[in-house]
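Trainee: Mind folding the following:
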Amino acid sequence: MSAQRKLLILIVLLSLVSCSAPPADLVIRNGFVIDGTGASGVVQDVVIIDGRIRCLGADLNVKGLAEIDAGGLVVCPGFVDVHSHAEEGLLKQTDNHNNILQGITTLVGGNCGDSPIDLRSFFEDLRTQKITTNVACLVGHNRVRSEIKGMEATEASEEELESMKRLVRRAMLSGALGLSTGLLYPPGTFATFEEVLALTKVVAEYQGIYASHIRNEEQDVWQAVEEALKIGGEAGVRTEISHIKLAAEADWGKAAQYTEMLSQSRKRGIRVMADQYPYRAGSATLENILPRWSLDGGREAFLERASDPEIRARIIQGILAGRLASVRGINRGEIVFIARCSANPEYEGKNLVQICGENGMEETPESAAEMAIRLLEKGPVSAVNFLMDEADVRTFLRDPFIMVSTDGGVTNFGEGVPHPRNYGTYPRLLGHYVRETGVLSLEEAIRKATSLPSRHMGFVDRGTIELGSWADVIIFDSDRITDNATFQQPHQYPAGIAYVIVNGVVTVENGQITDARAGMVLRGPGWDGD
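Mentor: So this is what the prediction gives:
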């Protein structure tokens with residue numbers, strides 16, 4: 001039995017005694033408690049002492065220094081966002097406003113191959129500044145590779161690979177949960193299977209996980225999934241397919257085939273799960289539209305290539321083949337919307353075809369490809385891309401091994417036209433996919449957002465409302481919870497969430513963020529304690 005499990009058992013035993021020892025720090029009364037395990041809800045009180053849940057039951061005779069009457073409301077664990085990109089924004093906005101207000105109490109950063117390279121310093125900065133949410137982090141392969149090789153497309157030498165291993169090992173000792181890859185993005189896209197496997201085996205030494213933005217989510221998705229499964233299987237680690245999707249039109253309707261592929265892998269002993277945001281559209285840098293070879297050597301090399309008419313024509317053909325070609329007669333330039341563009345903010349919220357029309361160009365996929373290059377020549381651009389089929393989104397949601405996540409960050413309120421998932425992922429799950437369309441039961445939706453990701457990440461005492469668990473709790477109205485954020489107007493907070501409690505401290509009250517900063521840094525099992 002692990003020391004962590006023994007500690008949890010001791011806490012539970014002490015909890016049984018605590019019920020008769022007034023006063024509690026906080027008592028939540030009369031709420032419809034859905035504990036996060038998938039079990040049916042029940043009306044009961046929740047007693048919180050020293051940040052943990054110490055007693056559960058109906059009509060408890062326990063006084064609280066503070067009390068919340070949750071009659072008619074749902075009480076459930078706080079949401080655990082296993083796929084976040086909030087790490088940079090957290091150091092600038094400790095209130096983490098758009099995440100905490102949608103009920104996220106724990107987030108995992110460092111996804112898609114991007115993370116702080118010095119996680120020890122990052123964690124210390126978070127601990128010193130104090131934050132509203134709990135935060136854990138993966139170490140990003142792309143960041144590790146760029147530290148050693150820059151943006152070169154060449155294979156890593158033995159010496160370079162050893163240097164990468166040292167960086168990954170340092171991150172695991174600093175408390176990283178595992179390794180993430182962004183194999184669609186440079187420089188990760190230039191890495192061989194053998195390189196990624198070697199680094200994942202380092203993670204395995206510390207019981208870490210492997211989370212992969214796979215090499216391709218469109219035409220070559222099946223080969224990319226096989227690569228991820230092979231890496232996870234050979235390294236012997238828990239594996240996660242990041243933001244699972246089928247982005248190629250030819251594969252729409254094959255979500256059941258995808259989930260069956262993962263199911264068969266689990267039967268072979270590969271511990272694989274996936275995460276998903278509940279939207280048809282994704283979001284990424286507009287660079288994602290370019291063929292990978294055009295990014296070899298980084299931005300300056302791309303600009304030089306784009307200045308050569310013959311090479312530019314090849315880049316356009318690569319964009320058409322990889323992203324804008326359609327087998328369904330769709331003008332796919334219309335599905336790429338600009339989210340942030342500092343050089344041309346007037347284009348934010350418009351698609352590539354619209355922008356072509358405004359500039360006197362033909363409204364064709366070829367012109368859209370040219371416009372994408374022009375925008376990228378001016379500087380960084382982010383985009384929202386409508387790549388998925390709604391039926392596939394629902395099929396993935398029904399799979400019991402797919403977790404719900406945001407793939408979002410910390411926003412600057414009112415800036416740009418970002419993906420609405422930054423504000424509304426979990427309210428959309430509960431409002432649209434539970435209440436309005438009945439795709440999931442309320443209990444199952446909450447499980448996929450709480451205990452399922454907690455257990456996958458190794459958070460043994462979070463993600464449930466059980467004796468001894470940390471008191472990360474949200475209280476919401478199941479009849480009102482709604483994602484107000486839209487693709488046209490994303491900077492809107494959700495409705496229906498009354499309270500968010502982090503480690504026993506009320507952090508959102510009546511829909512407003514308090515001054516509390518009770519979030520903790522959660523480190524992985526390899527942490528050396530320094």
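Trainee: Assign a three-state SS to residue 75, would you?
Mentor: Under the three-state scheme (DSSP: H, G, I helix; E, B strand; the rest coil), residue 75 adopts strand.
Trainee: Is it bridged to anything, and to what?
Mentor: In this entry, residue 75 is beta-bridged to residue 33, residue 475, by DSSP bridges.
Trainee: what's stretch 253-264 in contact with?
Mentor: 222, 225, 229, 241, 244, 246, 272-274, 389, 391-393, 395-396, 399, 401-402 (Cβ atoms under 8 Å, 6 or more residues apart in numbering). All C-beta atoms are positioned from the backbone trio N, CA, C, and that covers glycine.
Trainee: Among the residues you listed, which lie within strands?
Mentor: 241, 272, 273, 274, 402 (DSSP state E).
Trainee: which one of those residues is nearest residue 290?
Mentor: Nearest to residue 290 among the ones in strands among the contacts of stretch 253-264, counting by Cβ to Cβ, is residue 241 at 23.3 Å.
Trainee: Which parts of the chain belong to which domain?
Mentor: Annotated domains of the chain cover 79-137+243-280+388-481+492-513, 287-386 [automatic domain parsing].
Trainee: and of those, who's closest to residue 150?
Mentor: Comparison of the domains of the chain against residue 150 by Cβ to Cβ identifies domain 287-386 as nearest, at 6.9 Å.
Trainee: Could you tell me the end-to-end distance of the closest one?
Mentor: End-to-end distance of domain 287-386 (Cα to Cα, to the nearest Å): 16 Å.
Trainee: Could you do stretch 345-353 as well?
Mentor: Span of stretch 345-353 from end to end, Cα to Cα: 16 Å.
Trainee: now it: mean pLDDT?
Mentor: The average pLDDT for stretch 345-353 rounds to 96.
Trainee: So which bits of that stretch are buried?
Mentor: Buried residues in stretch 345-353, counted by 16 or more other Cβ atoms under 10 Å: 347, 348, 349, 350, 351, 352, 353.
Trainee: quick one: the third one from residue 336, how far?
Mentor: Distance, residue 349 to residue 336, using Cβ to Cβ, to the nearest Å: 12 Å.
Trainee: Same question for residue 126.
Mentor: 34 Å.
Trainee: Compare the two and say which is more crowded by neighbours.
Mentor: More neighbours sit around residue 336 than around the other of residue 126 and residue 336, counting by other Cβ atoms under 10 Å; the figures are 26 against 22.
Trainee: Can I get the ones in strands among the contacts of stretch 253-264 in JSON lines including pLDDT?
Mentor: Output for these, formatted as JSON lines (pLDDT from 0 to 100):
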{"residue": "241", "pLDDT": "98"}
{"residue": "272", "pLDDT": "98"}
{"residue": "273", "pLDDT": "98"}
{"residue": "274", "pLDDT": "98"}
{"residue": "402", "pLDDT": "98"}
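Trainee: Which strand or helix spans residue 283?
Mentor: strand 281-285 (DSSP states H and E).
Trainee: Now do that strand: distance to the chain's middle.
Mentor: Averaging C-alpha positions (Cα atoms, centre = their mean, to the nearest Å) puts strand 281-285 13 Å from its chain's average.
Trainee: What of stretch 52-69?
Mentor: For stretch 52-69, the distance to the chain centre is 33 Å (Cα atoms, centre = their mean).
Trainee: Please apply the same query to stretch 497-516.
Mentor: 22 Å.
Trainee: how about the strands in the stretch 351-500 of the chain?
Mentor: Assigned by DSSP state E, counting those that start in this stretch, the stretch 351-500 of the chain shows strands spanning 381-386, 402-404, 473-476, 497-502.
Trainee: Indicate which one of those strands is closest to residue 59.
Mentor: Among the strands of the stretch 351-500 of the chain, the nearest to residue 59 by Cβ to Cβ is strand 473-476 (18.3 Å).
Trainee: Which elements pack onto the closest one?
Mentor: Strand 473-476 is packed against strand 24-33, strand 74-77, strand 497-502, with contacts defined by 3 or more Cβ pairs under 8 Å, 6 or more residues apart in numbering; DSSP states H and E.
Trainee: Show me what counts as buried in the helix or strand just after the last one.
Mentor: Looking back up the chat, that one is strand 497-502. Following strand 497-502 in sequence order, the next helix or strand is strand 505-509 (DSSP H and E). Neighbour counts using 16+ other Cβ under 10 Å place 505, 506, 507, 508 of strand 505-509 among the buried residues.
Trainee: Next up, phi/psi of residue 339, please.
Mentor: The phi/psi pair for residue 339 (degrees, to the nearest 10) reads phi -100, psi -50.
Trainee: For it, the count of nearby residues, please.
Mentor: Residues near residue 339, counting by other Cβ under 10 Å, number 22.
Trainee: Show me the strands in the stretch 1-150 of the chain, by range?
Mentor: Under the criterion DSSP E, counting those that start in this stretch, the stretch 1-150 of the chain contains strands at 24-33, 42-49, 52-57, 64-69, 74-77, 79-81, 104-109, 134-137, 139-140.
Trainee: scratch that, the stretch 151-300 of the chain is what I was asking about
Mentor: Under DSSP E, counting those that start in this stretch, the stretch 151-300 of the chain gives strands at 178-182, 209-213, 238-241, 272-276, 281-285.
Trainee: contacting residues for the residue nearest to residue 420 when sequence neighbours are not counted?
Mentor: For residue 420, ignoring the flanking residues on the chain, the nearest one in space by Cβ to Cβ, 6 or more residues apart in numbering is residue 485 at 3.5 Å. Contacts for residue 485 (Cβ under 8 Å, 6+ apart) come out as 420, 421, 422, 423, 424, 491, 492, 493, 494.
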